[in-house]
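A.B. asks: Please find the sequence and the predicted model below.
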Amino acid sequence: MDISEFSRLNNKNRYSRHPWETSRKNVLHKLLKSYKIPFPIERVVDIGAGDAYVIHTLLHKGIGREYIAIDTAYTPEVISQLKENYGNSPVQYVQDIEEYKQKYGNDVPTLFLCMDVLEHVQDESIILSHLGGNSNHIYFFAVPAFQSVFSGHDALLGHYRRYTLLQLQGVLANYGFTVKDRGYYFMSLLMLRRMEKIFTKNKKESIDNWAAGKFKTGLINTVLKIDADIGILLKKAGITIPGLSCYCLCKK
């Protein structure tokens, strides 16, 4: 949902994807693989899909039969560019949930993704009150964790808030969601963010201006992969370690 992504659409071959994006995608893939979801599910819907990177990684894995990306930034020009960038893939693009329902209905079993979106809206009801209508739907929510590390970087990305896991659960419960699984990820980044808030006051780096070389990018991706793997193993053992992001898998 970080609209800064759209500044690079016309330069698809000339930017490096931020390690946060690739690592977050990897965490999603690992978690989905660990759940007993009957893939391929009929439909995958990514709310706040940005430049459609995540939903295309799921398309390549074949976890759904239909793929729909939703983002308020999807003007006709943006949609045209996205279709060109992704070789006219089967992914369809709409601007909001109501448009999605009008065009595609809400009856088939669907995996809804809502990753790093709720923190961008002043009132979560703008999104959460429009979700529901089928007991076979599955919802995966992820948000940045801990208001104590809210910084200028959050403001740069258009965040209104960060959440604890209990706060996220509470918000979702208020809109009728039942949490089936929950947790944190990126333990190491939480400590780094705490240090960053103390020592770095004016961070300007965003996901659209990542300029590190392949070695640094690869190193960070490797560290975050190990971080996520350890977190998932600890969670299986009943140990929850706080991280920079938290998530809930829900039904309604």
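C.D. replies: That came in fine, so what should we check first? Since the model is a prediction, treat every value here as computed from it, not as a measurement.

A.B. asks: Starting from the worst-scoring helix or strand of the chain on mean pLDDT, tell me the next helix or strand along the chain.
C.D. replies: Least confident element among the helices and strands of the chain, by mean pLDDT, DSSP states H and E: helix 187-199 (a mean of 73). The helix or strand immediately downstream of helix 187-199 is helix 214-236, counting by DSSP states H and E.

A.B. asks: Run the chain-centre distance for that following helix.
C.D. replies: Relative to its chain's centre, helix 214-236 lies at 17 Å (C-alpha atoms, centre = their mean, to the nearest Å).

A.B. asks: now stretch 144-163
C.D. replies: 15 Å.

A.B. asks: where does the stretch 51-200 of the chain dip in pLDDT?
C.D. replies: For the stretch 51-200 of the chain, residues meeting the criterion pLDDT under 70 lie at 195-200.

A.B. asks: Mind checking what secondary structure residue 249 has?
C.D. replies: Here residue 249 is recorded as strand under DSSP: H, G, I helix; E, B strand; the rest coil.

A.B. asks: surely it meets residue 179?
C.D. replies: Yes: between residue 249 and residue 179 there is a contact at 7.2 Å, judged by C-beta atoms under 8 Å. Just so you know, the C-beta spots here come from the backbone N, C-alpha and C atoms, and that holds for glycine as well.

A.B. asks: Compare the two (neighbour count), which wins?
C.D. replies: Neighbours per residue (other C-beta atoms under 10 Å) separate residue 249 from residue 179, with residue 249 holding more: 22 against 17.

A.B. asks: Just grab the bridge partners of that one for me.
C.D. replies: When bridges are called by DSSP bridges, residue 249 pairs up with residue 140, residue 181.

A.B. asks: Now do the same contact list for it.
C.D. replies: 31, 35, 138, 139, 140, 179, 180, 181, 182 (C-beta atoms under 8 Å, 6 or more residues apart in numbering).

A.B. asks: swap in residue 91?
C.D. replies: So residue 91 contacts 52, 55, 56, 59, 67, 68, 69, 82 (C-beta under 8 Å, 6+ apart).
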